[in-house]
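**Q** Dropping a prediction and its sequence here:
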Amino acid sequence: MLIREARPSDAAALDRIYNHYVIETAITFDVEPWPEGRRAAWLAERVANDDRVLVATEDEVVLGFAWSGPFRPKPAYRSTAEVSFYLSHAAVGRGTGSRLVSALLDELPRLGKHLAVAGTTVPNPASRALLVRHGFRSVGTFHQVGHKLGRYWDVEWFERPLTEGPLT
């Protein structure tokens with residue numbers, strides 16, 4: 001398995017992976033699949049903002065991706081990165097997510113990031129376990145913040161320091 005920066009040519013594979021979660025699950029709160037072409041613009045925006053999008057590949061097939069982006073748009077938040085990851089069904093349970101998250105977290109301090117945050121729809125025990133395994137701690141739950149698939153969903157939020165020093 002190879003972990004590398006995403007390329008524009010990966011856009012269709014990222015959409016196939018992501019759109020499954022859009023259509024079939026509440027893991028993402030997007031409700032419409034991403035149309036062809038949107039992902040390429042999203043990748044370009046990530047690069048322009050000095051964020052990261054990493055892909056895991058095997059025999060040049062994209063198995064999953066992890067990305068960082070801004071937590072909120074105000075300038076004082078620029079040292080905090082929101083992170084997320086999505087895997088193809090072929091990659092689940094093989095350590096792919098763990099390798100992607102580890103590689104992404106290693107990159108973020110070099111980008112001047114001090115804190116990583118992530119939200120997971122409840123329930124999502126696999127994503128929760130992966131975050132905890134990588135040093136994230138739960139900081140709370142927003143209740144019924146998303147409505148999808150005919151019901152309301154909670155989102156549990158996590159944080160992980162990326163630089164030295166305790167968080168309060």
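**A** Alright, I've got the coordinates.

**Q** Kindly provide the distance from Gly95 to His20.
**A** As judged by Cβ to Cβ, to the nearest Å, Gly95 and His20 stand 20 Å apart. Where you see a C-beta, it was placed from the backbone N, CA and C, and this is true even at glycine.

**Q** Mind giving me the packing neighbours of the host helix or strand of Asp15?
**A** Using DSSP states H and E, Asp15 maps to helix 11-24. Under the contact criterion of 3 or more Cβ pairs under 8 Å, 6 or more residues apart in numbering; DSSP states H and E, helix 11-24 touches helix 38-48, strand 61-70, strand 80-87.

**Q** what about the residue nearest to Thr120 when sequence neighbours are not counted, helix or strand, and which?
**A** Nearest non-adjacent residue to Thr120, counting by Cβ to Cβ, 6 or more residues apart in numbering: Ser127, 4.5 Å away. Secondary structure from DSSP H and E places Ser127 in helix 125-133.

**Q** If you count neighbours, what's buried in the worst-scoring helix or strand of the chain on mean pLDDT?
**A** Ranked by mean pLDDT, DSSP states H and E, the weakest helix or strand in the chain is helix 38-48, scoring a mean of 91. If you call a residue buried by 16 or more other Cβ atoms under 10 Å, then helix 38-48 has these buried ones: 39-40, 42-43, 46.
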